[in-house]
Structure formats: structure tokens, C-alpha cells
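Participant: got a sequence here, can you model it:
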Amino acid sequence: MTTERRKFEHIKICLEEDVQSKYNYLEDVSFIHSALPELNFDEINTEIKLFGKKLSFPLIVSAMTGGTDEALKINKAIAKACQKTGIGMGLGSQRAMIEDPSLTYTYDIRKFAKDILLIGNIGLPQFVKGYTEKEALFAVNEIKADMLAVHLNSLQEVSQPEGDLFFKNGVAILKKLKEKLPFPVIAKETGAGISKETAENLTFLDGVDVAGIGGTSWSAVEYYRSKAHKETVKKLWNWGIPTPLSIAECRASGIKTIIGSGGVRTGFDIAKCIALGASACGIALPFLKLAVDEDVDGIIEMIETIKREFKIAMFLNSCQSVYDLKTRPLFLTGELSQLMQQRGMDFHYYNYR
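Facilitator: Numbers count the residues shown, from 1 in each chain. Predicted coordinates:
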């Protein structure tokens with residue numbers, strides 16, 4: 001099966017089937033209300049700077065797709081909305097355009113979004129199989145992206161009938177890319193999270209996108225595609241590390257910049273992730289249906305709603321700047337608190353600061 005055909009199937013399944021993880025662990029995170037915020041709502045500044053680019057608030061529309069005409073429509077609609085609202089955008093895997101440069105146009109959206117933070121995307125298995133900095137430079141420079149995300153998708157690949165199960169020497173390959181490339185490089189999971197042990201091997205990078213359990217399960221997506229090993233893939237539906245736990249573990253590991261994604265659906269979720277240690281957040285699936293319909297206004301409206309929710313969360317935590325959220329106490333309850341205890345984490349760090 002071609003890369004383009006597989007990407008089309010992924011979009012169709014995400015739109016038509018239940019592909020959500022069983023539980024969103026961000027539900028186990030809550031703030032301690034500030035009854036006396038000591039600031040006015042209009043004084044709150046939601047802006048941040050991320051990888052050298054200004055964002056109106058800490059949101060990136062996460063990587064979705066590329067390589068097909070349908071993907072171009074999706075990417076174009078998202079790019080226009082991101083430009084209008086001043087947030088970042090990640091592109092789907094650029095393997096298709098590297099294999100067939102005639103497909104580059106399906107990722108070429110800079111003309112619709114001249115100012116945004118734009119993140120290129122190549123999978124680690126492709127570098128293990130022979131890609132070098134040459135392909136990375138082509139992927140980023142050809143579409144005028146600002147940086148590269150190397151996606152770590154071992155769970156998705158092992159769930160695919162045509163999966164690329166090549167991950168050996170991954171850390172050494174990432175180190176070499178970081179040394180040779182002139183732009184920021186991050187590692188990005190795809191729905192299974194990044195552990196403390198993995199994060200400690202990635203501190204040389206410019207950051208990570210944790211993409212933990214809580215949102216879209218790519219094992220679920222592959223379950224609907226699978227024919228030969230359907231029941232085995234179904235057992236992997238909820239495999240991985242919850243997003244809030246992954247953020248906390250990456251923070252404790254000394255990762256420079258953390259993007260929190262995986263089950264982030266609201267501005268309140270973004271605030272929780274920032275308080276746990278993230279610098280920004282990624283959201284993908286909620287925007288997909290609007291993007292498929294090329295509903296730019298609908299995407300803008302959703303982004304503005306999420307931004308207002310985020311600002312409300314800042315207000316109710318007496319936060320004038322986004323950084324202030326990192327100093328606010330949290331309640332960590334339910335299974336999340338149990339997991340943190342079992343991992344030897346001092347979750348009281350978040351309770352009493």
C-alpha cells in the first residue's frame with residue numbers, strides 16, 4: 001500500500017470511528033481556586049514565545065496529514081486559521097513528499113500562513129533505514145518550515161500490517177541530526193507518551209512532544225484497518241503513558257521544552273498541562289472534521305473558544321502571565337496520583353508550591 005493511500009485511510013477512520021483512548025487522565029488534574037485573583041481579566045497576557053516564534057497563546061494544531069489532495073485541503077484550512085489566530089501548526093509525516101517530490105504541494109502552506117510557527121515531520125524509522133540530514137533539510141526548507149519533529153511511533157508501526165519496525169540506534173541518529181541541522185529538532189510521540197527513562201536520553205534535543213494516552217489511539221485507528229491481527233491490535237488500544245504523567249516525567253528529566261498533547265481538548269486542559277510543566281500544547285482530532293469541510297471560520301471559532309477558556313483558567317488562578325501557571329498548586333487525584341506514586345514521583349511538588 002502506498003503512503004498516500006494509508007494516510008487517506010487514517011483520515012477516514014478518524015472521522016467515522018471511535019478512536020479515543022478509554023480515559024483522559026487530565027480529568028485527574030484540577031486547580032485550587034483563587035477567590036481573590038488580584039488582577040483584572042483584561043490585564044492577562046496569554047502570549048508566549050516558542051522556538052523563536054510568538055504565539056498568541058500556547059497552542060499548536062498538531063500534525064495530521066499530508067501527501068494527498070485531501071490532505072492539502074486540510075492543511076490549507078488549518079494554516080489559514082492558525083495565521084489568523086496567531087498559533088502554531090505541525091504538519092503530518094513528510095515521508096510521502098520525500099518518496100515522491102511531486103507531492104510537496106500537499107504540504108506547501110507557508111503562503112497561507114507567513115508568520116506562524118510551522119513544524120516539519122519525519123519518522124525515526126525512515127532515518128534508521130537510511131534518511132540523513134539531507135532529507136531533513138529538504139523536508140524543512142522546501143516548505144519553509146521553522147523546525148523538525150522526528151516522530152517516535154513504535155506502537156503505531158507495530159500495529160500496522162505494513163509497519164516499519166526499525167528503531168535501532170535511534171538516540172545516536174537523533175544526536176547526529178541535532179548536530180548537523182541548523183534549526184530546532186524535537187522528538188514527538190504519537191499517542192503513547194514519553195517516559196522519564198526515554199526523556200533522559202533526549203535532553204540534547206530542543207524539546208519533546210509527549211503525545212500521551214488520553215486522546216486519539218493510533219492502535220485503535222490501526223485496529224479498524226487490520227485484517228490479520230485485529231484482536232492483538234485491539235489489546236494495544238490503551239497502551240502507553242498518560243499525558244499528564246508524561247509531562248511531569250519529562251519535566252523532572254530536564255527536557256528543555258515540552259509540548260503537551262494527547263487528550264488536550266479545551267483551554268482548561270492547556271492550563272493544566274502548562275502547570276504540570278509543558279511550554280505549549282497540541283490539539284489535532286477536534287479540528288479534523290472542520291478542516292475536511294474546509295471550514296476555516298469554524299476552526300477559528302474553535303481556537304478562539306479554547307483561547308478564552310485558557311484565559312479564564314489563568315484568571316481563576318490569579319495568573320497575569322503564562323509562566324505564572326507553572327507556580328500554581330494542583331490537585332492530582334485518581335489513578336494519575338497512584339501512577340505518580342508508583343513511579344516514585346514527588347507529586348506533593350505540585351500540591352504545595
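Participant: list the buried residues of stretch 307-322.
Facilitator: Lys307, Glu309, Phe310, Lys311, Ala313, Met314, Phe315, Leu316, Asn317, Ser318, Cys319, Val322 (16 or more other CB atoms under 10 Å). Bear in mind the C-beta positions are built from the backbone N, C-alpha and C, glycine included.
Participant: the last one and Met314 touch, don't they?
Facilitator: Yes: assessed by CB atoms under 8 Å, Val322 is found in contact with Met314 at 7.4 Å.
Participant: overlap in contacts of the two?
Facilitator: Thr46 (CB atoms under 8 Å, 6 or more residues apart in numbering).
Participant: strands of the chain, residue ranges please.
Facilitator: Taking DSSP state E to define them, one finds strands in the chain at 29-31, 48-50, 53-55, 59-61, 88-90, 118-123, 147-152, 185-189, 207-209, 258-261, 280-283, 330-332.
Participant: which elements pack onto the second one?
Facilitator: Spelled out, that is strand 48-50. strand 53-55 (3 or more CB pairs under 8 Å, 6 or more residues apart in numbering; DSSP states H and E).
Participant: the strand it packs on: which residues count as buried?
Facilitator: Applying 16+ other CB under 10 Å to strand 53-55 flags Lys53, Leu55 as buried.
Participant: circling back: from the buried residues of stretch 307-322, which is closest to Asp206?
Facilitator: Val322 (18.9 Å; CB to CB).
Participant: quick check: closest non-adjacent residue to the closest one.
Facilitator: Ile48 (5.2 Å; CB to CB, 6 or more residues apart in numbering).
Participant: quick one: contacts for the residue lying closest to Glu17 once chain neighbours are set aside?
Facilitator: Excluding the flanking residues, the one nearest Glu17 by CB to CB, 6+ apart is Tyr224, at 5.2 Å. Contacts for Tyr224 (CB under 8 Å, 6+ apart) come out as Ile13, Glu17, Val19.
Participant: go on, Thr305?
Facilitator: Applying CB under 8 Å, 6+ apart, the residues near Thr305 are Gly267.
Participant: relative to Ala199, how far out is it?
Facilitator: To Ala199, Thr305 is 32 Å away according to CB to CB, to the nearest Å.
Participant: now the helices for the stretch 251-353 of the chain?
Facilitator: Remark: helices assigned in the stretch 251-353 of the chain by DSSP state H, counting those that start in this stretch are 267-276, 285-292, 296-315, 334-342, 348-351.
Participant: just say which of those is most tucked in.
Facilitator: helix 267-276 (a mean of 26; mean count of other CB atoms under 10 Å).
Participant: what does that helix rub up against?
Facilitator: With CB under 8 Å, 6+ apart, helix 267-276 has contacts from 26, 29-31, 57-59, 243-244, 247-248, 251, 260, 263-264, 280-281, 305-314, 317, 322, 325-326, 328, 330, 350.
Participant: one more time with 6 Å, if that's ok
Facilitator: With contact meaning CB atoms under 6 Å, 6 or more residues apart in numbering, helix 267-276 is reached by 26, 29, 244, 247-248, 260, 281, 306, 309-310, 313, 325, 328, 330.
Participant: skipping adjacent residues, who's closest to Gly163 in space?
Facilitator: Glu157 (3.7 Å).
Participant: residues near the one you found, how many?
Facilitator: Using other CB atoms under 10 Å, Glu157 has 20 neighbouring residues.
Participant: and it, what is it in contact with?
Facilitator: Taking CB under 6 Å, 6+ apart, one finds Gly163, Asp164, Leu165 in contact with Glu157.
Participant: out of those, which is nearest to Pro182?
Facilitator: Asp164 (26.9 Å).
Participant: quick one: contacts for that closest one?
Facilitator: Pro125, Glu157.
Participant: let's see the pLDDT reported for it.
Facilitator: Listed pLDDT for Asp164 reads 78.
Participant: kindly report the same for Phe287.
Facilitator: 98.
Participant: Val61 versus that one, what's the distance?
Facilitator: 6 Å.
Participant: about what we covered before: distance of the residue nearest to Gly163 from Phe112?
Facilitator: 31 Å.
Participant: picking that back up, who wins for most neighbours among the contacts of Tyr224?
Facilitator: Val19 (22 neighbours).
Participant: isn't that one right next to Thr216, touching?
Facilitator: Yes: contact criterion CB atoms under 6 Å: Val19 and Thr216 qualify, at 5.3 Å.
Participant: who's in contact with Asn238?
Facilitator: With CB under 6 Å, 6+ apart, Asn238 has these contacts: Ser21, Lys22.
Participant: and for the one 3 residues further on?
Facilitator: If a contact means CB under 6 Å, 6+ apart, then Ile241 has Gly193, Ser195, Gly212 as its contacts.
Participant: with distance to Ile173 added, can I get these in JSON lines?
Facilitator: Formatted as JSON lines, those follow (distance: CB to CB, whole Å):
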{"residue": "Gly193", "distance to Ile173": "21"}
{"residue": "Ser195", "distance to Ile173": "19"}
{"residue": "Gly212", "distance to Ile173": "23"}
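Participant: got a winner among those for most neighbours?
Facilitator: Highest count within the contacts of Ile241 by other CB under 10 Å belongs to Gly212, 30 neighbours.
Participant: got phi/psi on it?
Facilitator: Gly212 has phi and psi values of phi -90, psi -170 when expressed as degrees, to the nearest 10.
Participant: any idea how far Gly191 is from it?
Facilitator: 7 Å.
Participant: pick the most deeply packed of the strands of the chain.
Facilitator: Mean neighbour counts for the strands of the chain (mean count of other CB under 10 Å) peak at strand 258-261, with a mean of 30.
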